[in-house]
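> sequence unavailable; structure follows:
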């Protein structure tokens, strides 16, 4: 699969649907975890577009580096964040403890799953002394903008046919309707 097809089919269709569904259902923790996972992946794509090999980018110990790359791609307010602190306190807290590692608020607006509300302003992640604020709708909006910027960069560089995710179709997803379908 080429990198543009991956972005169009996997990122824009599947990942956008995953996140908008968790927002619509008012699931802030799952939404935040999904956004962090997808941000890491998108940062990895950014590293590949910049010339790093896929085997290294998605190899062991690269998650924080991929997330740092995502933050640098996502815009000025994100590039000012300390990637290690953000990764450890928010993502690490949610993944390993279900809670952000310090006093915090995760805001979610289930009425706006595709972030059409133009009222989202400022950085969606803010660290204020010992307090963290995270608006998942605004982060998702910025994530979608970052995907579009990366796609444009791919075309500017003329690498839209870059081979990516050779084993992407080796994962099968099954929506089971009963336990009888377990293999």
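Sure thing, it's come through. Remember, predicted model here, so these are calculated numbers, not experimental data. Numbering: from 1, shown residues only.

> in this structure, which segments are predicted with low confidence?
Segments of the chain classed as low confidence (criterion: pLDDT under 70) are 118, 166-173, 178-183.

> just the helices in it please.
Listed from the start of the chain, the chain has helices (DSSP state H) covering 3-6, 16-24, 28-49, 54-57, 63-74, 76-79, 83-86, 93-97, 136-157.

> what residues of stretch 82-89 count as buried?
In terms of neighbour count (16 or more other Cβ atoms under 10 Å), stretch 82-89 has its buried residues at 83, 86, 87, 89. All C-beta spots, glycine's among them, are computed from the backbone N, C-alpha and C.

> got the end-to-end distance for it?
End-to-end span of stretch 82-89 (Cα to Cα, to the nearest Å): 11 Å.

> centre of the chain versus that stretch, how much separation?
Once both centres are worked out by Cα atoms, centre = their mean, to the nearest Å, stretch 82-89 turns out to sit 15 Å from its chain's centre.

> also stretch 81-93?
Here the centre of stretch 81-93 is set off from its chain's centre by 14 Å, with Cα atoms, centre = their mean.

> renumber starting at 239 from here on
Fine by me, first position is 239 from now on; the one you just mentioned is stretch 319-331.

> who touches that stretch?
Residues lying outside stretch 319-331 but in contact with it, judged by Cβ atoms under 8 Å, 6 or more residues apart in numbering, are 270-271, 274, 301-302, 305-306, 309, 337-340, 342, 361, 363, 365, 370, 372.

> go on, stretch 354-374?
Counting by Cβ under 8 Å, 6+ apart, residues outside stretch 354-374 touching it are 261, 266, 269-270, 273, 315-316, 318-320, 323-324, 327-328, 338, 340-347, 375-377, 379-380.

> could you rerun that using 7 Å?
261, 266, 269-270, 273, 315-316, 319, 324, 327-328, 338, 340-347, 375-377, 379-380 (Cβ atoms under 7 Å, 6 or more residues apart in numbering).

> that one spans what distance, first to last residue?
Here the two ends of stretch 354-374 are set 13 Å apart, with distance taken as Cα to Cα.

> same deal with stretch 340-360?
With Cα to Cα as the measure, stretch 340-360 spans 21 Å from end to end.

> list the buried residues of that stretch.
Taking 16+ other Cβ under 10 Å as the criterion, stretch 340-360 shows 342, 344, 346, 347, 350, 351, 353, 358 as buried.
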